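Novice: Structural data only, the sequence is not supplied:
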């Protein structure tokens, strides 16, 4: 113990500092990717501004060949054909029911809301623009 009564533990401090240094070193690569403030290369060309109305060059990556596209399309159509038609019909019926309820609410909501507002005309804080003049 030192004279102030606080026990010194140099080995614990050393281990803590070493763990902190290792964790910061592991994060530094991700941090540098996250905080990339390098300028856009398009803006570095002197006297030229990027034109958003002009399409860029070739897209990155490889485009599908017509044969690959045909194979992928046929695979998706085959998966679609395996779907249960009852599921689609149930979704259509639910949608029709929901739409009918929404249409009914839309037809009556405005009149109902306006009548509720007008019932409060004359009360303090009532919206005078909605009250009959």
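Specialist: Yep, that arrived. What you see is a predicted model, and the numbers here were worked out from it, not measured in a lab. Numbers count the residues shown, from 1 in each chain.

Novice: Which SSE is immediately downstream of whichever strand or helix holds residue 69?
Specialist: Residue 69 is part of helix 66-81, with elements assigned from DSSP states H and E. Where DSSP H and E defines the elements, the next helix or strand beyond helix 66-81 is helix 85-119.

Novice: which parts of stretch 119-133 are buried?
Specialist: Across stretch 119-133, burial judged by 16 or more other Cβ atoms under 10 Å covers no residue at all. Using the backbone N, CA and C atoms, a C-beta is placed for each residue, glycine as well.

Novice: For it, give me every contacting residue.
Specialist: With Cβ atoms under 8 Å, 6 or more residues apart in numbering as the test, stretch 119-133 has contacts from 114, 117, 118.

Novice: residues near the last one, how many?
Specialist: By the measure other Cβ atoms under 10 Å, the count of residues near residue 118 is 14.

Novice: and if you look at the first one?
Specialist: Applying other Cβ under 10 Å, we find 11 residues neighbouring residue 114.

Novice: which stretches of this protein have low pLDDT?
Specialist: 1-9, 24-36, 39-51, 55-60, 133 (pLDDT under 70).

Novice: rerun at 90
Specialist: Within the chain, the segments meeting pLDDT under 90 span 1-64, 79-89, 106-133.

Novice: Identify each buried residue in the helix holding residue 69, please.
Specialist: In helix 66-81, counting by 16+ other Cβ under 10 Å, buried: nothing.

Novice: Packing partners of it?
Specialist: Applying 3 or more Cβ pairs under 8 Å, 6 or more residues apart in numbering; DSSP states H and E, we find helix 66-81 packed against no helix or strand.

Novice: Alright, I will stop here.
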